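Peer 1: give me the fold of what follows.
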Amino acid sequence: MDIDASQYAEISREMMKSGDYLHVFDRGLNYLDKPPFLFWVSAASMKVFGVNNFGYRFPSLLFALLAIFATYQLAKLLYEEKTARMAALVLACCQGMMLWTNDVRCDGILTAWVITAIWLLKEWFVKCRWPYLIGGFAAVAFGMMTKGPIALMVPVFAFSCEWVLKREWRNFFRPGYLIGFLVIAILLVPMCMGLYQQFDLHPETVVNGQKGTSGLRFFFWSQSFGRITGENPWKNDVDMSFLLQNMLWSYLPWIFLFLPALAINVYRLVKQKFRLLPGQEWISTGGFLVSYLALGSSSYQLPHYIFVAFPLAAIVTARLIYELVEEGKYAGLYKVMQPLQTVVGLLILLVTFVLIVYVFPAPAFYIVAWVAGFIFWMWLAFKRSLQGKMLWLSAASMVIANIFLTNQVYYTLLQYQVGSQVGKYVRAYNIPSSDLTAYKFQDALIALHFYAGEVVGLTDTITNIGDRHYVLAMAPGLEELHKNGYSFDTLKQGRFYKVSELTPDFLNPRTRDKAVKTYYFVKLK
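Peer 2: So this is what the prediction gives:
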């Protein structure tokens, strides 16, 4: 999906093709934004599985499983087996997890490395075995190579909260940290070498409209901390509540359990005068809260930035479910949450039904499959002997809904992404990129390069078309071609829309024609 996922896929494709894993290029130009780990693993995957959706997405699917496993292992250390299994299920069945395995960016891999680092380091604190220390700091290093210093900061936030509240000051100064930071330094060497060679040695290179940009300084400071200090030019000036507002959908169906769980933990801590009792932990709650405050103070935020803290939120949520269901605590809250989660699950299924029947009509088989899934969900709802019904109904609703979101809604949605559709056509008919250009096209078209398998030229000047035979344009572009003496045959025509920015006009089939535009892929005579 344009813009990020298709851009990262194209960078990975170019890296695989060139064999240069130290220097990162985007459509042939120097790239300085995200660290290279996603590109490394996706390029390696494409080497095996080919340049296609699966080749790009497969590593992120594996890391999603790692995130679930590490969440389970950490929760088992902090609590007991049942809470751990619940935490794994909560993370696996939140909408954010479903999204980051469809629209693959850096966040899924980052989340996996961060929660793995916290789990392994907690194992080291408990068992004092060196493999856990080395593995934990290695996970931090790989996380930093995925999305920068935030991979170090979240574990620091999580453990610091607990140590302060337990007054365990010596944990801040363990000699083993020296070995850990040495592990990070060694693992970061290849990435740092690439940044230094590509940017610091070439101050004349223009990156993001500027010369003299240090790749090393950008990675260690500007990209992350610069968003707080204002040094980073990216700004959208949203407030501290932005990430929470977006959690209302990205952490469905658990958000209404998570918020009271968070409030209970904070209230309990205040009542205990900011001291933890034996057996209590604050890694999950404190780690989430401080990470949220750090991310929320950035001058540039996007909804998926908070995904890195979702495993910690899953543990907080699972613990409340355990206390409600297994221990019988908070009877009044249980009476509210049980019907509320049932209603939330029901609404998720009904919204999915509207999407596959009205918004993006599906074949009859899908409707039958949805009815079967709904009957199963209702059977769970009315099964009196089912313990922990709020857990199972919530999880089932997300699994059922996302089967249809993935296979019908997202699939149909991407038929409106012109870069994907034309790119596949170009590749299917072996049209060389050197014989193709997009003329005055009002779309990012990043997916075009990936699906075509080559970087395609874009131009707003008619003389730059030269002797190319294939042109992608909109109606005004075709009119200009005609006025300048070109004649052509239309090979492919279709409707397109920026699918990452949905609007009511587009979602409503009756008004969709107002929202979409028409593209033409033509062959010049």
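Peer 1: what packs against the helix or strand containing Val290?
Peer 2: Using DSSP states H and E, Val290 maps to helix 283-296. Here helix 283-296 is seen to pack against helix 53-78, helix 107-127, helix 150-166, helix 242-250, helix 255-271, helix 310-325 when contacts are counted using 3 or more CB pairs under 8 Å, 6 or more residues apart in numbering; DSSP states H and E. (Each C-beta comes from the backbone N, C-alpha and C, glycine too.)
Peer 1: quick one, what contacts Thr352?
Peer 2: Trp370, Ile400, Ala401, Phe404, Leu405 (CB atoms under 8 Å, 6 or more residues apart in numbering).
Peer 1: what do you get for Arg85?
Peer 2: By CB under 8 Å, 6+ apart, the contact set of Arg85 is Tyr72.
Peer 1: quick one: the residue nearest to Ser291 when sequence neighbours are not counted from Gly373, how far?
Peer 2: In this structure, Ser291 finds its nearest non-sequential neighbour in Ala309, 4.5 Å apart by CB to CB, 6 or more residues apart in numbering. Ala309 is 30 Å from Gly373, where distance means CB to CB, to the nearest Å.
Peer 1: wait, Gly494 sits on Lys424?
Peer 2: No: using CB atoms under 8 Å, Gly494 is not in contact with Lys424; the gap is 11.7 Å.
Peer 1: local confidence estimate at Phe219?
Peer 2: Looking at Phe219, its pLDDT reads 87.
Peer 1: please name the nearest non-neighbouring residue to it.
Peer 2: Using CB to CB, 6+ apart, the closest residue to Phe219 is Leu195 (6.0 Å).
Peer 1: next: Glu14.
Peer 2: Phe25 (5.5 Å).
Peer 1: the nearest residue to Gly212 once chain neighbours are set aside: what secondary structure?
Peer 2: Excluding the flanking residues, the one nearest Gly212 by CB to CB, 6+ apart is Pro203, at 4.4 Å. Following DSSP: H, G, I helix; E, B strand; the rest coil, we place Pro203 in the coil state.
Peer 1: any idea how far Pro203 is from Gln210?
Peer 2: 10 Å.
Peer 1: circling back: so which of the helices and strands packed on helix 283-296 is nearest Gly485?
Peer 2: Among those, the nearest to Gly485 by CB to CB is helix 53-78 (40.3 Å).
Peer 1: which parts of whichever helix or strand comes after the closest one are buried?
Peer 2: For helix 53-78, the following helix or strand on the C-terminal side (DSSP H and E) is helix 81-92. Of the residues in helix 81-92, Lys82, Thr83, Ala84, Arg85, Met86, Ala87, Ala88, Leu89, Val90, Leu91, Ala92 count as buried by neighbour count, 16 or more other CB atoms under 10 Å.
Peer 1: what's the spacing between helix 81-92 and its chain's center?
Peer 2: Distance of helix 81-92 from the chain centroid (CA atoms, centre = their mean, to the nearest Å) equals 21 Å.
Peer 1: which SSE is immediately downstream of that helix?
Peer 2: Taking DSSP H and E, what comes next after helix 81-92 is helix 95-100.
Peer 1: residues making contact with that following helix?
Peer 2: 60, 64, 67, 91, 107-108, 111, 249-253, 304, 307, 310, 398, 402, 405-406.
Peer 1: CA-only coordinates of that helix in CSV, if you can.
Peer 2: C-alpha atoms of helix 95-100 as CSV (Å, rounded to 0.1, in the frame of the first residue of the first chain):
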residue,chain,number,x,y,z
GLN,A,95,-6.4,-4.6,15.2
GLY,A,96,-2.9,-3.1,15.2
MET,A,97,-1.3,-6.6,14.8
MET,A,98,-3.7,-7.4,12.0
LEU,A,99,-2.8,-4.1,10.3
TRP,A,100,1.0,-4.4,10.6
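Peer 1: mean confidence (pLDDT) on that helix, please.
Peer 2: 93.
Peer 1: what's the weakest-modelled helix or strand in the protein?
Peer 2: The helix or strand of the chain with the poorest confidence is helix 226-229; it has a mean of 62 (mean pLDDT, DSSP states H and E).
Peer 1: which residue ranges make up each domain of the protein?
Peer 2: Per automatic domain parsing, the domain ranges recorded for the chain read 4-16+27-321, 330-415, 420-524.
Peer 1: for the shortest one, measure first residue to last.
Peer 2: I take that to be domain 330-415. For domain 330-415, the separation between the terminal residues is 48 Å (CA to CA, to the nearest Å).
Peer 1: now swap in stretch 272-287 and tell me
Peer 2: Stretch 272-287 end-to-end distance (CA to CA) = 19 Å.
Peer 1: buried residues of that stretch, list them for me.
Peer 2: Going by neighbour count (16+ other CB under 10 Å), the buried part of stretch 272-287 is Leu276, Gln280, Glu281, Trp282, Ile283, Ser284, Thr285, Gly286, Gly287.
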